[in-house]
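> Predicted coordinates and the sequence they were generated for:
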Amino acid sequence: MEGTPPDGGAVRKKPKTTSRPQQQRRYTSNHNISNEQSVNHQSQQSMSKLAPLILQGAQLGRYDLNKIIKTHLPAVRLTDIQCNKNGTITMFAADVKSFNDILLELPKQKFGNATNVKVFIPRTIQRVMDTEKQAFLKNVNVRITTDEIELALTSVGLLVEKVERLKNHTKQHDGTTVKVTFADVFNRNTIVRTGLQIDHMFIATEAARFATKPVQCFICLGYGHISKYRRDKQQICSRCAGSHDVKNCAEADTNIQCKNCSGHHHATDSKCPKYQEIKEGVTNRKTFRMRPHQSMKETVAVPKQSDLHIDKSLIRDDVTDLLQNDAEIKQQIQSLKSNSIDDITNIVYDAVIKRINKRLISIEQRIDQLEYQNYYLEQSVNKRQRHSRQFNLRFIGFKEQEGGKMTNRIVECAQKAGINLQTEDIELSHPIGARKEGVSRPVIARFLSRVKLRSFLSQRKKVKDLTGITIYEDLTKMDKQLLDELRSRLDGNDKKYAFTRNGRVIYKNEHQQFMVINSPYDLDKHLPVK
């Protein structure tokens with residue numbers, strides 16, 4: 001059982017007003033950070049995008065875990081470590097890299113005699129992430145089996161993990177709604193847009209939605225459970241909080257009282273502060289996201305304190321401002337028994353260092369946000385490139401020769417393998433890359449029909465045996481890197497379980513399940529580095 005993350009951190013005091021606008025005092029030339037209040041706001045906003053992580057089976061306290069992380073994972077930054085009553089520990093990562101290191105590297109460390117140590121995302125958040133991959137097929141005849149539905153989905157290239165027919169309202173017979181869990185969000189969104197065609201029947205599809213309404217018991221009127229699991233069957237009145245049914249309530253309108261917050265409203269009122277508080281907590285689960293790995297090459301480097309350019313004139317202005325306008329600094333200086341230069345310097349030095357640290361933290365948080373945005377921009381661009389290449393094939397092995405259209409040579413190659421292909425089926429074809437003496441350049445061809453492309457691709461082994469020409473899907477640069485990395489992690493004959501389908505990298509695991517590899521995180525999830 002997982003621990004429950006806290007609602008939020010401590011609230012900092014509002015910064016004191018100074019005579020000089022704080023925007024004019026900056027230690028870096030390239031970053032403009034606002035005042036302390038905006039720093040706190042950015043911190044909360046940044047951390048809300050990171051899901052908490054649960055450590056289970058370690059059997060140690062906060063201090064011991066802090067020592068292990070500090071010793072073996074010095075690059076990790078956590079905002080908090082919390083021990084739960086069930087023996088688990090909740091950790092809050094400060095940035096993307098720390099999140100990934102805790103999730104993947106912390107379980108490998110030694111925790112005394114503990115052997116079954118795991119780090120995972122709470123089920124409440126994991127359930128939200130699973131919901132993004134689910135869709136419902138509506139009005140499906142009960143005589144259509146789940147195997148037929150799965151076959152119809154996979155025949156159009158969709159990757160399915162599970163097909164489940166739901167029960168009807170009596171919970172005794174099969175219903176007409178079918179829940180399908182796909183390999184990823186892309187496959188789910190595809191079926192939602194297109195619907196499902198089974199023979200001559202079209203089946204409408206809708207995406208699974210998040211449950212944001214709090215669960216309320218209509219016996220005790222409390223939240224977090226339903227009346228089915230309530231042992232005490234004493235009915236509580238939703239009108240006056242008395243021990244009777246609301247139908248038998250004789251209290252006047254002036255005596256209405258909520259059982260949950262003691263406010264002047266019904267306990268079932270959606271305007272109840274307790275209802276709004278719990279609803280906000282349920283909604284916030286959707287904002288948690290498992291932050292993925294960075295791309296294979298680092299895009300943004302976090303600057304070290306020694307690398308930042310310090311403007312000494314701004315420091316001088318800051319010191320002057322502290323001495324003239326900061327009441328706390330004035331009080332500390334006045335309390336000194338002797339106004340020695342060393343004592344005054346130490347007080348001012350500590351105050352300046354605090355300001356520098358706050359601004360450096362703001363810079364790092366901003367960089368984390370940029371890295372996060374950059375990752376999703378890369379994914380979006382890659383998805384568009386993949387879509388534009390879905391009618392392309394690459395050919396390796398055509399010898400360089402003067403004259404003759406490349407399209408005709410591709411058609412001749414197909415006809416040798418018994419494939420029905422005409423020149424009209426290919427929109428264009430040409431070699432790619434610079435010409436080199438004695439080296440055959442890859443050839444790319446764009447087909448007009450996906451059916452022709454798939455028939456050609458399905459016979460590529462036969463084509464290679466007869467002509468020596470190798471055929472590949474036209475992958476994007478990112479997908480090609482993922483495929484190469486996936487194959488490098490497989491041994492010998494297992495490399496055949498890494499392949500592509502419709503421009504996407506697929507891994508077939510030992511359970512005969514097809515896993516879509518969209519990022520380095522997916523690689524580490526399904527096939528960790530040994």
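Ah, there it is.
> so after the helix of greatest length in the chain, what's the next helix or strand?
Counting residues, the longest helix found in the chain (DSSP state H) is helix 341-388. Once helix 341-388 ends, the next helix or strand along the chain (criterion: DSSP states H and E) is strand 392-396.
> And Met406, how close does it get to Cys413?
The spacing between Met406 and Cys413, counted by C-beta to C-beta, to the nearest Å, is 10 Å. For every residue, glycine as well, the C-beta is placed using N, CA and C.
> In terms of neighbours, single out the busier of those two.
Cys413 (21 against 18; other C-beta atoms under 10 Å).
> Is Arg165 located within a strand, as I assumed?
Yes: using DSSP: H, G, I helix; E, B strand; the rest coil, the assignment for Arg165 is a strand.
> That one contacts Asp174, doesn't it?
Yes: Arg165 lies in contact with Asp174 (C-beta atoms under 8 Å); the separation is 5.3 Å.
> Of the two, give the one with the bigger neighbour count.
A side-by-side neighbour count of Arg165 and Asp174, using other C-beta under 10 Å, places Arg165 first with 17 against 14.
> ok so, going back, shared neighbours, Arg165 and Asp174?
Residues touching both Arg165 and Asp174 by C-beta atoms under 8 Å, 6 or more residues apart in numbering: Val142.
> Kindly state the domain boundaries assigned to this structure.
The record's domain parsing of the chain by automatic domain parsing lists 22-122, 133-207, 390-463, 475-530.
> how about the ones you listed, which one is nearest Ala241?
Minimum separation from Ala241 across those (C-beta to C-beta) falls at domain 22-122, 29.4 Å.
> and the closest one, average pLDDT?
On average, the pLDDT along domain 22-122 is 73.
> How far off centre is that domain?
Centroid separation for domain 22-122 versus its chain: 17 Å, with C-alpha atoms, centre = their mean, to the nearest Å.
> Please apply the same query to stretch 447-456.
Distance of stretch 447-456 from its chain centroid, counting by C-alpha atoms, centre = their mean, is 34 Å.
> One more: stretch 481-489?
Distance, centroid of stretch 481-489 to centroid of chain: 22 Å (C-alpha atoms, centre = their mean).
> in that stretch, what's buried?
By neighbour count on 16 or more other C-beta atoms under 10 Å, the buried set for stretch 481-489 is Gln481, Leu482, Leu483, Glu485, Leu486, Arg487, Arg489.
> Pull the CA coordinates from that stretch and hand them back as PDB.
Extracted C-alpha coordinates of stretch 481-489, given in PDB (Å, rounded to 0.1, in the frame of the first residue of the first chain):
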ATOM      1  CA  GLN A 481      18.400   5.900 -32.300                       C
ATOM      2  CA  LEU A 482      15.900   4.200 -30.100                       C
ATOM      3  CA  LEU A 483      15.900   1.100 -32.400                       C
ATOM      4  CA  ASP A 484      19.700   0.900 -32.400                       C
ATOM      5  CA  GLU A 485      19.800   1.300 -28.600                       C
ATOM      6  CA  LEU A 486      17.100  -1.400 -28.100                       C
ATOM      7  CA  ARG A 487      19.000  -3.900 -30.300                       C
ATOM      8  CA  SER A 488      22.200  -3.100 -28.500                       C
ATOM      9  CA  ARG A 489      20.600  -4.300 -25.300                       C
END
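> what's it in contact with?
Contacts to stretch 481-489, defined as C-beta under 8 Å, 6+ apart, come from residues 296, 475, 495, 498, 500, 505, 507, 517-520, 523, 527, 529-530.
> pLDDT below threshold where in the stretch 301-450 of the chain?
The model of the stretch 301-450 of the chain has pLDDT under 70 over residues 301-326, 328-345, 402-404.
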